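A.B. asks: have a look; sequence and predicted model below, questions after that.
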Amino acid sequence: MSTLTRPERAKPNILITGTPGTGKSTTSADIAEALGFAHLNVGDIVKSEKCYESRDEEFDAYMLDDDKLIDEMEPMVADGGCVVDFHSCEMFPERWFDLVLVLRASTEVLFDRLTERNYSEKKREENMTAEIMQVVAEEARESYAEEIVHEVQSNTVEDMEANVERVKQWAEAWKANNP
Ligand SMILES: Nc1ncnc2c1ncn2[C@@H]1O[C@H](COP(=O)(O)OP(=O)(O)O)[C@@H](O)[C@H]1O
């Protein structure tokens with residue numbers, strides 16, 4: 001049990017995390033629209049605000065400058081009302097989030113989505129292995145209080161609709177408990 005006291009905010013912040021291709025951007029956009037929240041795509045912020053130290057060409061990935069990223073994002077999340085979407089979650093301050101949703105996808109589904117995305121075979125294999133090994137789910141469980149971390153399937157459109165509905169209901173309950 002965590003003893004963390006989260007700051008009082010008028011609205012909650014929600015983190016949507018998972019392996020690339022599990023549906024974070026699509027699900028986050030739907031949740032943000034349903035709740036009238038801001039969708040913060042962290043990958044976009046990393047690029048636009050240059051929150052990286054270098055770029056790994058081999059893996060087509062950025063080596064993050066965590067401190068710069070946190071400084072950039074702090075004012076954005078301060079008042080709540082944000083759906084933050086990123087494939088990693090351990091670098092964010094724990095106090096930022098009231099709910100952490102970890103999206104999961106089956107190997108077959110992820111293979112098709114990453115192939116569709118024209119990922120190199122190497123990058124596709126790396127991400128599929130990470131999903132099978134539950135890397136992001138583990139990271140979320142190690143970084144946040146267990147009662148706020150929820151792992152959900154994101155294989156089908158029905159899954160996605162159910163996940164959006166679930167977060168909507170959670171946000172209503174949050175509001176009722178934080179008048
Ligand atoms: N639950 C789902 N059911 C069906 N298709 C999905 C689902 N989630 C995502 N997709 C599709 O899979 C692809 C990758 O989704 P995206 O949201 O970009 O993933 P991520 O942001 O995690 O990389 C997109 O084409 C999206 O439309």
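C.D. replies: That came through fine.

A.B. asks: what's near enough to touch the residue of the chain found nearest the ligand?
C.D. replies: Of all residues in the chain, residue 23 sits closest to the ligand, at 2.6 Å by CB to the nearest ligand atom. C-beta coordinates here come from the backbone N, C-alpha and C atoms, glycine included. When contacts are counted by CB atoms under 8 Å, 6 or more residues apart in numbering, residue 23 touches 103, 105, 154, 160.

A.B. asks: how does it look with 6 Å?
C.D. replies: 103, 154 (CB atoms under 6 Å, 6 or more residues apart in numbering).

A.B. asks: interface residues of this structure facing the ligand?
C.D. replies: 18, 20-26, 113, 154-157, 159-160 (CB under 6 Å from any ligand atom).

A.B. asks: against residue 135, how distant is residue 148?
C.D. replies: Relative to residue 135, residue 148 is positioned 19 Å away (CB to CB, to the nearest Å).

A.B. asks: and for residue 121?
C.D. replies: Distance from residue 121 to residue 135, by CB to CB: 19 Å.

A.B. asks: and what of residue 176?
C.D. replies: From residue 176 to residue 135 the distance is 35 Å (CB to CB).

A.B. asks: what's the answer for residue 73, then?
C.D. replies: Residue 73 is 22 Å from residue 135, by CB to CB.
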